[in-house]
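**Q** need a structure here:
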Amino acid sequence: MSETAVSTITPKLIYILFMANVIIPFLGLIGVVMAYVNKADAPEWLQTHYQFQIRTFWIGLLYLFVGALLSLILIGYLVILFTVVWIIVRSVKGMKSLDAQQAHPNPTGWMFS
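**A** This is a model prediction of the structure:
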């Protein structure tokens, strides 16, 4: 296996953990810890993926918190549904650029890119 293929296994696993977190809680927490641990030693193009993953975790947590608060007036359930879709879309788009062995195009974005 080439060095690049080996180095993309961890960020791909983190994207998968984020998507699986929708079904099994706390897998995202494992993923973000892995991203923090591996970010410093990664090549620059992979650091953009780790930054994107870290931001996905924290922004997603913020969206879930807001959704939980707003669920008292029922609109929060739509916010929570949006958050689930948002995490899946971000993870799939991140894996797409990871498979192309490219840096993430917008690691500091808040929405789907």
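**Q** what sits against the residue nearest to Trp58 when sequence neighbours are not counted?
**A** Nearest in space to Trp58, with sequence neighbours left out and distances taken as Cβ to Cβ, 6 or more residues apart in numbering, is Val32 at 7.7 Å. No exception for glycine: its C-beta is placed from N, CA and C like everyone else's. Taking Cβ atoms under 8 Å, 6 or more residues apart in numbering as the definition of contact, the neighbours of Val32 are Ile14, Gln53, Ile54, Phe57, Trp58.
**Q** What of Leu70?
**A** Under the criterion of Cβ under 8 Å, 6+ apart, the contact list for Leu70 reads Gly76, Val79.
**Q** Could you check which helix or strand contains it?
**A** helix 44-70 (DSSP states H and E).
**Q** Quick check: buried residues in that helix?
**A** Taking 16 or more other Cβ atoms under 10 Å as the neighbour-count basis, helix 44-70 is seen to contain the buried residues 45-57, 59-60, 63-64, 67.
**Q** related to what we said a few turns ago, would you turn the contacts of Val32 into TSV with distance to Lys93 and pLDDT?
**A** Listed next are the contacts of Val32 as TSV, based on distance: Cβ to Cβ, whole Å; pLDDT from 0 to 100:
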residue	distance to Lys93	pLDDT
Ile14	14	95
Gln53	12	95
Ile54	16	96
Phe57	15	95
Trp58	18	96
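**Q** Output the below-cut-off pLDDT ranges for this protein.
**A** Across the chain, residues meeting the criterion (pLDDT under 70) sit at 1-6, 112-113.
**Q** out of everything not next to it in sequence, what's closest to Asn38?
**A** Leaving aside its chain neighbours, Asn38 sits nearest to Thr10 (5.4 Å; criterion: Cβ to Cβ, 6+ apart).
**Q** wait, isn't Tyr77 in contact with Ser71?
**A** Yes. With the criterion set as Cβ atoms under 8 Å, Tyr77 and Ser71 qualify as a contacting pair; they are 5.6 Å apart.
**Q** Perfect, I'm done here.
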